[in-house]
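Q: mind looking at a prediction? Sequence and model below.
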Amino acid sequence: MVYHLLAFDNTHTAIAAQNRLKAVLDFQIMPTLRELTESCGISLRFLNGSSEAIKKAIASSDMDKTMANLYYIDDYVSPIHILPLDW
């Protein structure tokens with residue numbers, strides 16, 4: 001599966017982002033991948049939409065981007081391919 005993943009520094013930010021983004025983006029809540037150890041353990045998985053659409057929605061939500069990291073994930077390959085994306 002190929003998708004974008006938003007991983008958070010803390011649980012408070014993760015919950016706030018869920019509440020702010022649920023009206024504008026389609027996502028699923030999931031545990032953070034084991035390969036991403038700097039996270040609080042909660043992530044949002046976006047199956048549809050480009051990274052630019054996700055970045056735009058986050059920018060308009062007044063979320064603090066320093067508290068989260070956006071990744072491009074391809075788990076069709078082994079080992080899993082994780083690409084950090086710039087804001």
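A: In hand now; what should we look at? All values reported here derive from a predicted model rather than from experimental measurement. Residues are numbered from 1 along each chain as shown.
Q: and the residue of the chain positioned farthest from its centre, which of the three is it?
A: For the chain, the residue at maximal distance from the C-alpha centroid (Cα atoms, centre = their mean) is Ser78, at 20.9 Å. Put simply, Ser78 is coil when judged by DSSP: H, G, I helix; E, B strand; the rest coil.
Q: quick one, grab the pLDDT at it.
A: The confidence metric pLDDT takes the value 92 at Ser78.
Q: what does it show for phi and psi?
A: Backbone torsions for Ser78, taken as degrees, to the nearest 10, come to phi -130, psi 120.
Q: do the same with Lys56
A: phi -60, psi -40.
Q: and the strand or helix carrying Asn19, what does it pack onto?
A: Asn19 is part of helix 11-21, with elements assigned from DSSP states H and E. Packing contacts for helix 11-21, counted by 3 or more Cβ pairs under 8 Å, 6 or more residues apart in numbering; DSSP states H and E, involve strand 2-8, strand 42-46, helix 51-60. In this view, the C-beta of every residue, glycine as well, is placed from N, C-alpha and C.
Q: ok now the first one, how far from the chain's centre?
A: Relative to the mean C-alpha coordinate of its chain, strand 2-8 is positioned 3 Å out (Cα atoms, centre = their mean, to the nearest Å).
Q: what's it in contact with?
A: 14, 17, 27, 30, 32-33, 36, 38-40, 42-47, 49, 51, 54, 58, 67-76, 85 (Cβ atoms under 8 Å, 6 or more residues apart in numbering).
Q: of those, keep whichever come out buried.
A: Burial by neighbour count, judged by 16 or more other Cβ atoms under 10 Å, picks out 14, 17, 27, 32-33, 36, 39-40, 42-46, 49, 54, 58, 68-71, 73 from the contacts of strand 2-8.
Q: closest to Leu21 out of the helices and strands packed on helix 11-21?
A: Minimum separation from Leu21 across these (Cβ to Cβ) falls at helix 51-60, 6.1 Å.
Q: and for the helix or strand following the closest one, what are the contacting residues?
A: Next helix or strand after helix 51-60 toward the C-terminus (DSSP H and E): strand 68-74. Applying Cβ under 8 Å, 6+ apart, the contact partners of strand 68-74 are 1-9, 13, 17, 33, 36, 38-39, 51, 54-55, 58, 80-85, 87.
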